[in-house]
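>>> pasted the sequence and its predicted model underneath.
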Protein chains: 2
Amino acid sequence: MSPVASNLQIDSARLWGTIHETAKFGATPKGGVRRLTLGPEDKQVRDWFRRECEAAGLEVHVDALGSMFALRKGRDMSKPPIGLGSHLDTQPTGGKFDGVLGTLAALEVVRTLNDAGIETEIPICVVNWTNEEGSRFAPAMMASAAYVGDFTTDDILARKDADGVSVAEALDGIGYHGDKPVGFQKLSGFVELHIEQGPILEAEGKTIGVVDSGQGVLWYDGRITGFESHAGTTPMPLRRDALATLSEIVLAMESTARQHGPKAVGTIGEAVIANPSRNVIPGEIAFTVDCRSADTAILDALDAGLRAAIKEISTRRKVDVELDLVWRKPPTHFDQKLVNAVEEAAKKLGFSHRRITSGAGHDACNLNTKIPAAMVFVPCKDGVSHNELEDATQVDCSAGANVLMHTVLALAGVAS
Amino acid sequence: MSPVASNLQIDSARLWGTIHETAKFGATPKGGVRRLTLGPEDKQVRDWFRRECEAAGLEVHVDALGSMFALRKGRDMSKPPIGLGSHLDTQPTGGKFDGVLGTLAALEVVRTLNDAGIETEIPICVVNWTNEEGSRFAPAMMASAAYVGDFTTDDILARKDADGVSVAEALDGIGYHGDKPVGFQKLSGFVELHIEQGPILEAEGKTIGVVDSGQGVLWYDGRITGFESHAGTTPMPLRRDALATLSEIVLAMESTARQHGPKAVGTIGEAVIANPSRNVIPGEIAFTVDCRSADTAILDALDAGLRAAIKEISTRRKVDVELDLVWRKPPTHFDQKLVNAVEEAAKKLGFSHRRITSGAGHDACNLNTKIPAAMVFVPCKDGVSHNELEDATQVDCSAGANVLMHTVLALAGVAS
């Protein structure tokens, strides 16, 4: 690699400027962003993104699910490009960094290469994936899932939001129902920069997370059926209290996950008492469970631990507990060559770093099932994400963008 | 007492018939009753009740809160009557027995005395108290509370239901805004027959509950503030999970109440997670607590136990828990003379019986703060009440009515 390429740095102020410029599209009073996929604010940021990509000399194509592919030619156009990017949609009360950082850092990489007059051997392609968040249309990460063949394009186009608007109608509505078939843009690899969305890097004072794995996920729907009765007249030993049952399940889930820590998490995020009343013992509760681990054996152990606890608790309390597994996503093991490339880039640039597991799902996890993929994490304040308070420093964002750039340069090669 | 009076039995079939006749006013498809206080079905049952009382030779007066007083003269009219009765309103999905049994058994007592040609020394008065249930207007048992001076009549008349209709408007609407001031009908005592609404009598195979006390009540509003964060990315040790916190509080409440069992109950009946989501650790939960005991020292111990548990749990989990006492009702200790009279009547009639504490609140508990009062309980199926499945046997209902009658005869005295 030439000395110019080897010492190349992105323009930190320019990257920071674009993050704040796009944060205006859907800005909330509390400093966050509400930019639901395929809505008017998403159109604004997409139009901005297309203009900036074209201004940077990229050729922008849109596929049938609205994902945007901005191609920068390489010397050897016989090879599929290295993809880099993320997503520009947000949660309903999202922040300025989730997805945005990875997409705009990818644009910043191109601008930096342009400024330095660097051509890569293999082309590179900046990607904005449609609907990573899944807040408006389910499932989350639907465009990258369709890209790797987990869903057909027609299936995804027919999905509807809460108002009955289909993905196809929403795409037409903002002019992003592209003419390219899903998968038209082959990629020889994909690298995604993202905020960690967890507290580990910050807690350990590390700048770069070299993401080598993504957690597998188990999602369950549960229902407890005890017996609704009068809070004043039912003696404690005769109760069949659904909330006390749930309480034991919550603590059993917590303790099972802790036993397998730090490689496991388990959460009960939703619990709804049927007909709640101050003086009625809860008789029925619907709840959900989310278990995650990057290790398949631990996922199985979490499942077994949860089921054993529920069996013991429900028998002892004489209540009925149903538990249905509604989704199982296997763990992601990112491509070793790409993971090593991320690690080498972090080392070369002198950033403190550690291997890390992604707790959340990302488009890169979907892509990794078919093409080599990897991710770069940077810290976010207090580990907060999916929240208007989401925050990250300019220094860390720039560090992540530089690691992204040097990873891509290593993978794509420098031609000149 | 004359042999006739001593061996007197109510007409079981007639009592059972009236219970099922009035159950038509607001009958639900599942076999229950929906007869909200001061609504059209309550007017129907009140009109029926007035007609039947008048047909039985009683003089019916209605007070300013709609409570109905049906007087049967005694030989000595210088003394206030012994009151007997209950209420005819129901829960939104109530049963055929709660309140109804006590009111119609009182009418049956009068009919039986009439048939036998028995005059009492002291007059007796059948009472139907307005709004015992409290489902439409708060508070529950408002008419008996006003009767003993806990509220002014004007205060209660101004209370509004969820549609903004005041008690005064509702009374006018059904023609039961009576011309008698609240408290006009002095009573020298009050006896209320009621289904137990709990499982104790049935579990022990006892026919009659001699109610010697009513539980005191502590009601709390609570709020847990932890930290909402991503279920996939937040390691177990760094969580501030509001639901796990609540779970420990629920189990601590349960264990504290069990320690003081069988003389205490403690329940968390409501718990609402703010912004619940399958993959978000709950950050905030609002909940309510209901603690009861007939023993003031135990009530205090429940309060202290709950607060100590919350302090320990919230400190360890680094979450904030607020707990506000919103209502404290002292325990009821029913009048010993009247309680003994109930017990003597049960003994005399040969019914299996036990002393029992009322878990629920009743008009008799309010009245007992100013005049001697007592209650008679009969078993209900599976302890179920406030439910369309509420059920009791004809044999048990008749046993209770006979105990009521012989208690009243003992208190009022037989003149002829």
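That came in fine, so what should we check first?

>>> and A:Lys30, what does it touch?
Counting by C-beta atoms under 8 Å, 6 or more residues apart in numbering or on different chains, A:Lys30 makes contact with A:Thr93, A:Glu388, A:Leu389. (Glycine included, C-beta is placed from N, CA and C.)

>>> quick one: the strands in the stretch 51-200 of chain A?
Assigned by DSSP state E, counting those that start in this stretch, the stretch 51-200 of chain A shows strands spanning A:59-62, A:68-72, A:82-86, A:124-128, A:189-195.

>>> sorry, back to before: most neighbours, which of the contacts of A:Lys30?
A:Glu388 (20 neighbours; other C-beta atoms under 10 Å in any protein chain shown).

>>> just give the nearest non-adjacent residue to that residue, would you?
A:Gly32 (2.7 Å; C-beta to C-beta, 6 or more residues apart in numbering or on different chains).

>>> one more: A:Ile122?
Per C-beta to C-beta, 6+ apart, closest to A:Ile122 is A:Ala412, 4.3 Å.

>>> so A:Asn279 sits against B:Val265, correct?
No: contact criterion C-beta atoms under 8 Å: A:Asn279 and B:Val265 do not qualify, at 10.3 Å.

>>> now the residue of the stretch 51-200 of chain A found nearest chain B: closest residue in space, sequence neighbours ignored.
The stretch 51-200 of chain A approaches chain B most closely through A:Gly198 (3.1 Å), counting by C-beta to the nearest C-beta. Distance criterion C-beta to C-beta, 6+ apart; nearest residue to A:Gly198, sequence neighbours excluded, is B:Thr233 at 3.1 Å.

>>> show me what contacts the one you found?
Per C-beta under 8 Å, 6+ apart, neighbours of B:Thr233: A:Glu196, A:Gln197, A:Gly198, A:Pro199, A:Ser358, A:Gly359, A:Ala360, A:Gly383, A:Ser385.

>>> try it again at 6 Å.
A:Gln197, A:Gly198, A:Gly359, A:Ala360 (C-beta atoms under 6 Å, 6 or more residues apart in numbering or on different chains).

>>> who wins on neighbours among those residues?
A:Gly198 (29 neighbours).

>>> that one and A:Ser314: what is the separation?
Distance of A:Gly198 to A:Ser314, computed by C-beta to C-beta, to the nearest Å: 33 Å.

>>> how many neighbouring residues does A:Gly32 have?
Neighbour count for A:Gly32, taken as other C-beta under 10 Å: 23.

>>> quick check: phi and psi on A:Arg159?
phi -60, psi 140 (degrees, to the nearest 10).

>>> A:Lys206 now?
The phi and psi torsions at A:Lys206 (degrees, to the nearest 10) take the values phi -100, psi 140.

>>> what count of nearby residues applies to A:His61?
A:His61, neighbours per other C-beta under 10 Å, totals 16.

>>> for it, which residues are in contact?
A:Phe69, A:Lys180.

>>> make it 8 Å
By C-beta under 8 Å, 6+ apart, the neighbours of A:His61 are A:Met68, A:Phe69, A:Leu71, A:Gly178, A:Lys180, A:Phe184, A:Gln185.

>>> are any of the residues you listed buried, and if so which?
A:Met68, A:Phe69, A:Leu71, A:Gly178, A:Gln185 (16 or more other C-beta atoms under 10 Å in any protein chain shown).

>>> partner residues bridging the closest residue to the first one other than its chain neighbours?
Using C-beta to C-beta, 6+ apart and skipping residues adjacent in sequence, the residue nearest A:Met68 is A:Asn128, 4.3 Å away. Residues found in beta-bridge contact with A:Asn128 (criterion: DSSP bridges) are A:Met68, A:Ser86.

>>> might one say that A:Arg14 is in contact with A:Asn114?
No: counting by C-beta under 8 Å, A:Arg14 stays clear of A:Asn114, with 11.8 Å between them.

>>> common neighbours of these two, please.
Joint contacts of A:Arg14 and A:Asn114 (C-beta under 8 Å, 6+ apart) do not exist.

>>> can you pull the pLDDT of the residue nearest to A:Gly198?
B:Thr233 carries a pLDDT value of 90.

>>> how about the one 10 residues further on?
With respect to pLDDT, B:Leu243 has a value of 98.

>>> repeat for A:Asn7
Reported pLDDT for A:Asn7: 89.

>>> tally up the residues packed near it, please.
10.

>>> domain-wise, how is chain A divided?
A:3-214+A:331-412, A:216-329 (automatic domain parsing).

>>> need the distance between the two termini of the shortest one.
This stretch, domain A:216-329, spans 5 Å end to end (C-alpha to C-alpha, to the nearest Å).

>>> try stretch A:158-175
Span of stretch A:158-175 from end to end, C-alpha to C-alpha: 17 Å.

>>> next one: stretch A:224-233
22 Å.

>>> can you name the residues that contact the residue of the stretch 51-200 of chain A closest to chain B?
Contacts of A:Gly198 (C-beta under 8 Å, 6+ apart): A:Gly359, A:Ala360, A:Gly383, A:Ser385, B:His230, B:Gly232, B:Thr233, B:Thr234, B:Pro235.

>>> correct me, but the last one touches A:Ile200?
Which is B:Pro235. Yes: taking contacts as C-beta under 8 Å, B:Pro235 lies within contact range of A:Ile200: 6.9 Å.

>>> residues from the stretch 251-400 of chain A in reach of chain B?
A:251, A:254, A:257-258, A:261-262, A:264-273, A:276-282, A:288, A:290, A:292, A:358-361, A:383-387 (C-beta under 8 Å from any C-beta of the partner chain).

>>> where does the stretch 201-350 of chain A have low pLDDT?
Residue ranges of the stretch 201-350 of chain A with pLDDT under 70: none are present.

>>> re the thing from before, now mean pLDDT and distance to A:Glu41 too, for the strands of the stretch 51-200 of chain A, in TSV please.
As requested, these are exported to TSV (pLDDT from 0 to 100; distance: least, C-beta to C-beta, whole Å):
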stretch	mean pLDDT	distance to A:Glu41
strand A:59-62	98	18
strand A:68-72	98	16
strand A:82-86	98	17
strand A:124-128	98	14
strand A:189-195	98	20
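
>>> turn those strands into JSON lines, including distance to B:Lys43.
Listed next are the strands of the stretch 51-200 of chain A as JSON lines, based on distance: least, C-beta to C-beta, whole Å:
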{"stretch": "strand A:59-62", "distance to B:Lys43": "67"}
{"stretch": "strand A:68-72", "distance to B:Lys43": "68"}
{"stretch": "strand A:82-86", "distance to B:Lys43": "66"}
{"stretch": "strand A:124-128", "distance to B:Lys43": "66"}
{"stretch": "strand A:189-195", "distance to B:Lys43": "64"}
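
>>> and the contacts of A:Gly198 as CSV, adding distance to A:Lys43?
As requested, these are arranged in CSV below (distance: C-beta to C-beta, whole Å):
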residue, distance to A:Lys43
A:Gly359, 31
A:Ala360, 26
A:Gly383, 31
A:Ser385, 24
B:His230, 28
B:Gly232, 29
B:Thr233, 30
B:Thr234, 33
B:Pro235, 38
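
>>> run through the neighbouring helices and strands of the helix or strand hosting A:Ile19.
Secondary structure from DSSP states H and E places A:Ile19 in helix A:12-22. Packing contacts for helix A:12-22, counted by 3 or more C-beta pairs under 8 Å, 6 or more residues apart in numbering or on different chains; DSSP states H and E, involve helix A:40-55, helix A:100-116, helix A:394-412.

>>> now the residue of the stretch 251-400 of chain A at minimum distance from chain B. Nearest residue, chain neighbours left out?
Residue of the stretch 251-400 of chain A nearest chain B, by C-beta to the nearest C-beta: A:Gly359 (3.1 Å). Using C-beta to C-beta, 6+ apart and skipping residues adjacent in sequence, the residue nearest A:Gly359 is B:Thr233, 3.1 Å away.

>>> secondary structure class for that neighbour?
coil (DSSP: H, G, I helix; E, B strand; the rest coil).

>>> phi, psi for A:Pro123 please.
Dihedral angles (degrees, to the nearest 10) for A:Pro123: phi -60, psi 160.

>>> quick one: contacts for it?
Contacts of A:Pro123 (C-beta under 8 Å, 6+ apart): A:Leu71, A:Arg72, A:Lys73, A:Gly74, A:Asp76, A:Met77, A:Lys79, A:Pro80, A:Pro81, A:Ile82, A:Ala412.
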